[in-house]
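>>> Sequence first, predicted model second:
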Amino acid sequence: MSSPDNIAGYKDVVTGSREAPADNPGAAQIRSASAPELKTLAGVAVGTLVIAALYFGQEVLIPITLAVMLSFVLSPVVNLLQRLRLWRAPAVILTVIAALGVLGLFGALIGSQAASLTVNAPQYARTIEAKVQGVQGFAVARLASITKELGGSRPTTRPRAAPATLATPPAVTASDQRRPIPVEVVQGSTSPFAIARTVLEPILGPLETTVIVLIVAIFVLMQKEDLRDRFIRVFGSSDLHRTTRAIDDAGQRLSKYFLSQLAVNTCFGVVIGLGLWLIGIPSPAMWGVMAGLLRFVPYIGPFLAAVAPAALGAAVDPGWGMALEVVALFVIIEPLTGYVVEPLLYGHSTGLSPVSVIVSAIFWTWLWGPIGLIMSTPLTLCLVVMGRHVKSLEFFDVLLGDRPALTPIESFYQRILARNPDEALAQAEMLLADRSLTEYYDGVVLEGLKLAVEDEARGTIDRAGAAQMTKSMMSVIEDLQPTSGAAPSDTMAKAQTVACVAGHGPFDDAVTAMLTQLLGQQGVQAKRIPNTAVSRDAVQTLDLNGIDVIAISYLEVTGSPAQLRYLVRRLRARAPNARIVVGLWPQGEASLSDAGIQQALGADRYVSSLHDAVQDIVT
């Protein structure tokens with residue numbers, strides 16, 4: 001005979017678990033509950049290390065990141081040259097040289113415009129000083145006027161006499177004054193090396209970064225396919241399909257974003273430059289180039305670009321008209337570019353939510369300064385693309401992406417679970433703008449109710465909560481009734497009377513109400529019968545005379561087929577001539593495909609959607 005210990009050990013082997021010792025019954029629960037906490041702590045630790053590495057390694061990471069971003073911009077040009085039968089190496093070299101030429105052209109343009117601007121700088125300074133003095137004089141005069149008005153309303157009082165005890169301070173003699181100390185300024189000798197260092201040091205840093213960026217960008221363009229294969233080998237060799245899709249999606253999104261932004265910002269700079277030229281602002285080409293460059297900075301870039309031209313307009317014009325015209329130019333052009341041109345060119349969004357753009361701009365500026373501000377949007381876009389394809393990084397897509405955090409099914413279920421029928425009705429009206437009521441019920445409501453049934457089976461929803469949810473759902477169905485009318489179906493063979501019977505589940509009443517409403521749209525006379533009216537005791541008093549079709553809604557996933565079989569038998573006894581249609585809404589229900597089970601249940605027809613139920617009844 002087997003001892004109890006042996007039986008317990010056999011159960012441990014079969015189930016793969018062991019009960020907690022008698023002296024410590026909570027040990028197993030503590031071990032199982034600590035795993036998610038350890039995983040969360042590990043995730044926080046890894047995130048902290050990554051942020052620290054980004055912060056302290058910015059001198060190395062910034063040039064590499066700039067080079068990768070530049071390769072995304074230049075890659076379409078390289079591909080175009082290769083399609084023209086040019087080898088990859090010459091195509092890359094020509095593309096990089098062309099990019100350097102464009103950058104040099106813009107630099108020369110800005111330098112010449114800035115040099116011409118410095119000639120009249122003293123005159124501009126005097127104009128600004130005169131305006132500042134005028135504003136100060138106006139402010140002082142206004143303050144004096146206000147003070148005079150306030151002072152005139154107060155009662156006049158006689159000034160007090162000075163106290164007699166005050167004495168005249170003694171005169172300061174010449175001997176008490178300090179003697180001046182002679183100061184001699186000695187100019188130290190400056191070596192040529194020190195002069196060269198002073199001149200070249202501010203230039204060497206950006207020049208070094210530029211050289212590194214160009215070299216890395218050339219290697220990335222030359223070895224693009226090899227780098228892609230190595231990346232797949234390191235991060236996604238176990239799932240080539242998903243990794244390849246992620247890389248292609250990231251490349252397409254970034255290339256489209258960069259090229260679209262480059263085209264839009266170039267046109268923005270050209271329009272601003274022409275507008276400033278018409279207004280009469282000096283060096284309009286330089287300000288147009290600066291406006292196009294600053295527009296890469298999210299949200300605040302165009303406003304920063306407007307400050308200097310507006311100030312220059314105030315310096316050139318003795319009045320304020322030119323400055324106001326500059327402000328009006330930016331106020332008109334920027335909204336047109338952001339809300340008209342960009343949506344027409346590459347859609348309404350880059351894939352990021354507006355809040356994520358602001359938060360990412362703050363985060364990357366804190367990490368990498370102005371360069372991080374410019375690269376914040378593409379870097380965040382990379383994170384969102386990774387989140388859409390890598391399960392462990394899905395939170396990036398949820399937090400930063402522009403896609404809804406909840407699907408329509410989950411959103412409906414959340415609103416019903418929160419007992420908020422008004423929001424559920426608002427969502428229904430929005431979804432019904434591009435779909436029929438039947439499609440909404442089948443694709444959203446039924447799927448959401450299946451989630452509710454699963455939670456009710458797990459015990460997370462009690463009977464009282466299920467009743468409240470059903471009540472909220474019924475109110476939504478009633479409110480949709482006046483706005484969902486439809487003409488009777490032409491396929492209806494004859495006038496029928498249908499009894500819609502609810503199953504034993506807590507949410508079957510809502511499904512029955514939906515089916516009754518949809519049948520009413522088709523001109524079918526239908527009445528709703530609750531489950532309590534078809535119980536063993538109440539079914540004997542149920543009047544089913546004249547009923548042509550009995551439609552049973554059976555949403556309960558965990559329900560026993562025996563309950564449905566006996567329900568069909570009772571209804572068959574009360575209405576032997578009626579055709580019985582059973583709606584088995586659970587996905588993958590065996591009764592929908594197993595002929596043996598269908599024969600045992602005894603119904604005439606089995607359907608899995610409200611659309612099929614309506615079509616089966618009216619035809």
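On my side now, so go ahead. Source: prediction; values computed, not measured. Residues are numbered from 1 along each chain as shown.

>>> need the next SSE after the helix or strand hosting residue 43, C-terminal direction.
When elements are assigned from DSSP states H and E, residue 43 belongs to helix 27-56. Going down the chain from helix 27-56, the next helix or strand is helix 58-83, by DSSP H and E.

>>> quick one: buried residues of that following helix?
For helix 58-83, burial by neighbour count (16 or more other Cβ atoms under 10 Å) applies to 58, 62-63, 65-75, 77-78, 81. Bear in mind the C-beta positions are built from the backbone N, C-alpha and C, glycine included.

>>> Kindly report the same for stretch 395-412.
Neighbour counts over stretch 395-412 (16+ other Cβ under 10 Å) mark 396, 397, 400, 401, 402, 408, 409, 411, 412 as buried.

>>> Report the backbone C-alpha coordinates of stretch 81-90 in PDB.
Output in PDB follows, covering the C-alpha atoms of stretch 81-90 (Å, rounded to 0.1, in the frame of the first residue of the first chain):
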ATOM      1  CA  LEU A  81      21.900  56.400 -57.900                       C
ATOM      2  CA  GLN A  82      22.200  52.600 -57.700                       C
ATOM      3  CA  ARG A  83      19.100  52.300 -59.800                       C
ATOM      4  CA  LEU A  84      20.900  54.400 -62.400                       C
ATOM      5  CA  ARG A  85      23.500  51.700 -62.700                       C
ATOM      6  CA  LEU A  86      26.100  53.300 -60.400                       C
ATOM      7  CA  TRP A  87      28.100  51.100 -58.000                       C
ATOM      8  CA  ARG A  88      27.400  51.500 -54.300                       C
ATOM      9  CA  ALA A  89      30.800  53.000 -53.400                       C
ATOM     10  CA  PRO A  90      30.700  55.800 -56.000                       C
END
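
>>> Centre of the chain to it, how far?
Relative to its chain's centre, stretch 81-90 lies at 39 Å (Cα atoms, centre = their mean, to the nearest Å).

>>> Next: stretch 264-282.
Chain-centre distance of stretch 264-282: 33 Å, with Cα atoms, centre = their mean.

>>> okay, the buried residues of stretch 395-412 in TSV with pLDDT, secondary structure and distance to residue 422 next?
Listed next are the buried residues of stretch 395-412 as TSV, based on pLDDT from 0 to 100; DSSP: H, G, I helix; E, B strand; the rest coil; distance: Cβ to Cβ, whole Å:
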residue	pLDDT	secondary structure	distance to residue 422
396	82	helix	32
397	80	helix	29
400	83	helix	30
401	78	strand	27
402	74	coil	25
408	86	helix	17
409	86	helix	19
411	87	helix	14
412	87	helix	13
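
>>> quick check, nearest of those residues to residue 122?
residue 400 (49.9 Å; Cβ to Cβ).

>>> Spatially nearest residue to the closest one, not counting backbone neighbours?
Of all residues not flanking residue 400 in the chain, residue 356 sits nearest, at 3.9 Å (Cβ to Cβ, 6 or more residues apart in numbering).

>>> related to what we said a few turns ago, distance to residue 608 added to the buried residues of stretch 395-412, as a markdown table?
Output for the buried residues of stretch 395-412, formatted as a markdown table (distance: Cβ to Cβ, whole Å):
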| residue | distance to residue 608 |
| --- | --- |
| 396 | 36 |
| 397 | 32 |
| 400 | 38 |
| 401 | 33 |
| 402 | 34 |
| 408 | 20 |
| 409 | 16 |
| 411 | 23 |
| 412 | 19 |
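
>>> Quick check: of these, which lies closest to residue 265?
Looking across the buried residues of stretch 395-412 and measuring by Cβ to Cβ, the closest to residue 265 is residue 402, at 21.1 Å.

>>> What separation do you get for that closest one and residue 301?
21 Å (Cβ to Cβ, to the nearest Å).

>>> what does residue 224 give?
Plainly put, residue 224 is 30 Å away from residue 301 if you go by Cβ to Cβ.

>>> what do you get for residue 611?
With Cβ to Cβ as the criterion, residue 611 and residue 301 are 51 Å apart.

>>> Who has more neighbours out of these two?
residue 301 (20 against 16; other Cβ atoms under 10 Å).

>>> Spatially nearest residue to the more buried one, not counting backbone neighbours?
Excluding the flanking residues, the one nearest residue 301 by Cβ to Cβ, 6+ apart is residue 294, at 4.1 Å.

>>> The one you found: neighbour count?
21.

>>> Go ahead and confirm it touches residue 308.
No. Assessed by Cβ atoms under 8 Å, residue 294 is found out of contact with residue 308, at 9.9 Å.

>>> pLDDT weak spots in the stretch 401-550 of the chain?
481-495 (pLDDT under 70).
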